[in-house]
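> could you look at this predicted model? Sequence included:
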Amino acid sequence: MQVTFIALGAAAFVHLAGGQPGVKTGMAIVLALSLAFIGTLFYLQTHGMFSLILKGARAFRLHLRVLESRVDKLVRIDRQVLDFYWKDRRHFLLSAGAYLGAWLLDTFDVFLVAWLLGMPIDWLQALGIEAFIGVARLLGFLVPGSLGIQETGITLVCHLAGLRPEFGPAYAVIRRGRDLMFAALGWFLLYREEASFTALREHVTEEAQREL
């Protein structure tokens, strides 16, 4: 669903980048690649992804021990995925729609900040910004917290969306503050639960001894 959200963001930028032919072409390429990725992934999952990989490996006479030793389990996973797609279509559509809807709700975060800063934006701008903030975070996954990369990405994306130059850095700081707030809340809840690696290890040890 995140790739679908990125495709929607790219489509929004294709519309927004009227006077920026380079941006428009780049976003059109991102949109095409996203749609191709979604189509490929959907095809693989609806035709048994692991089964297709095994068939391809055998066709090229590749012996992948990791897969070959788990054939029965992988085929069972393929069947479960296929059953979810074709026999439980209602729940598949509901879950996919709910997940995509959650991504779309994040655009209201951009709306709210823009309104509070006195720099209102339209929905297409908010959609494009939120979608490509996710791309910036993915590109910086090796950096703890995407420090610096997220802020640079937000500033660049806001510039491409045609917003005032001061909006990008301001939103980047506010976004980082929000991230820190949620992290602090999570640590506080863990502290209240007296969670620690020592307690977790003791709990796992107790459960293992019980099973024995």
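Here it is on my side, so go on.
> distance of the nearest residue to residue 30 once chain neighbours are set aside relative to residue 121?
The spatially closest residue to residue 30, leaving aside those adjacent along the chain, is residue 10, at 4.3 Å (C-beta to C-beta, 6 or more residues apart in numbering). Where you see a C-beta, it was placed from the backbone N, CA and C, and this is true even at glycine. Distance of residue 10 to residue 121, computed by C-beta to C-beta, to the nearest Å: 18 Å.
> again, but for residue 108
Residue 108 is 12 Å from residue 121, by C-beta to C-beta.
> ditto for residue 139
24 Å.
> neighbour-wise, which of these two wins?
Shown here are residue 139 and residue 121; by other C-beta atoms under 10 Å, residue 121 has more neighbours (22 against 14).
> which SS state does the residue nearest to that one when sequence neighbours are not counted fall under?
The spatially closest residue to residue 121, leaving aside those adjacent along the chain, is residue 114, at 4.6 Å (C-beta to C-beta, 6+ apart). Using DSSP: H, G, I helix; E, B strand; the rest coil, the structure places residue 114 in helix.
> I'd say residue 114 and residue 126 touch.
Yes - using C-beta atoms under 8 Å, residue 114 is in contact with residue 126, at 7.5 Å.
> tell me how many other residues surround residue 128.
Residue 128: 30 neighbours (other C-beta under 10 Å).
> kindly report the same for residue 189.
For residue 189, the number of neighbouring residues by other C-beta under 10 Å comes to 10.
> roughly how far apart are it and residue 145?
19 Å.
> distance of residue 72 relative to residue 78?
Taking C-beta to C-beta, one finds residue 72 at 11 Å from residue 78.
> these two - which one has more neighbours?
residue 78 (20 against 8).
> tell me which helix or strand that one sits in.
helix 71-86 (DSSP states H and E).
> which other helices and strands contact the helix or strand that that helix is followed by?
Remark: after helix 71-86, the chain's next helix or strand is helix 89-105, criterion DSSP H and E. Judged by 3 or more C-beta pairs under 8 Å, 6 or more residues apart in numbering; DSSP states H and E, the packing partners of helix 89-105 are helix 2-16, helix 71-86, helix 123-139.
> give the contact list for residue 170.
When contacts are counted by C-beta atoms under 8 Å, 6 or more residues apart in numbering, residue 170 touches 113, 117.
> to clarify, my last question referred to residue 45.
Here residue 45 is in contact with 81, 85 (C-beta under 8 Å, 6+ apart).
> one more time with 10 Å
52, 78, 81, 82, 84, 85 (C-beta atoms under 10 Å, 6 or more residues apart in numbering).
> from residue 25, how far out is the second one?
For residue 78, the distance to residue 25 under the criterion C-beta to C-beta works out to 38 Å.
> same question, the fourth one
Residue 82 sits 38 Å away from residue 25, taking C-beta to C-beta as the criterion.
> tell me which of the two has more neighbours.
Higher neighbour count among residue 82 and residue 25: residue 82, with 16 against 12, using other C-beta under 10 Å.
> the more buried one touches residue 44, doesn't it?
No - between residue 82 and residue 44 there is no contact, the gap being 11.3 Å when judged by C-beta atoms under 10 Å.
> which neighbours do the two share?
Common neighbours of residue 82 and residue 44 (C-beta under 10 Å, 6+ apart) are residue 51.
> tell me where the model's unsure across the protein.
1, 18-19, 61-69, 193-204, 207-212 (pLDDT under 70).
> cheers, nothing more for now.
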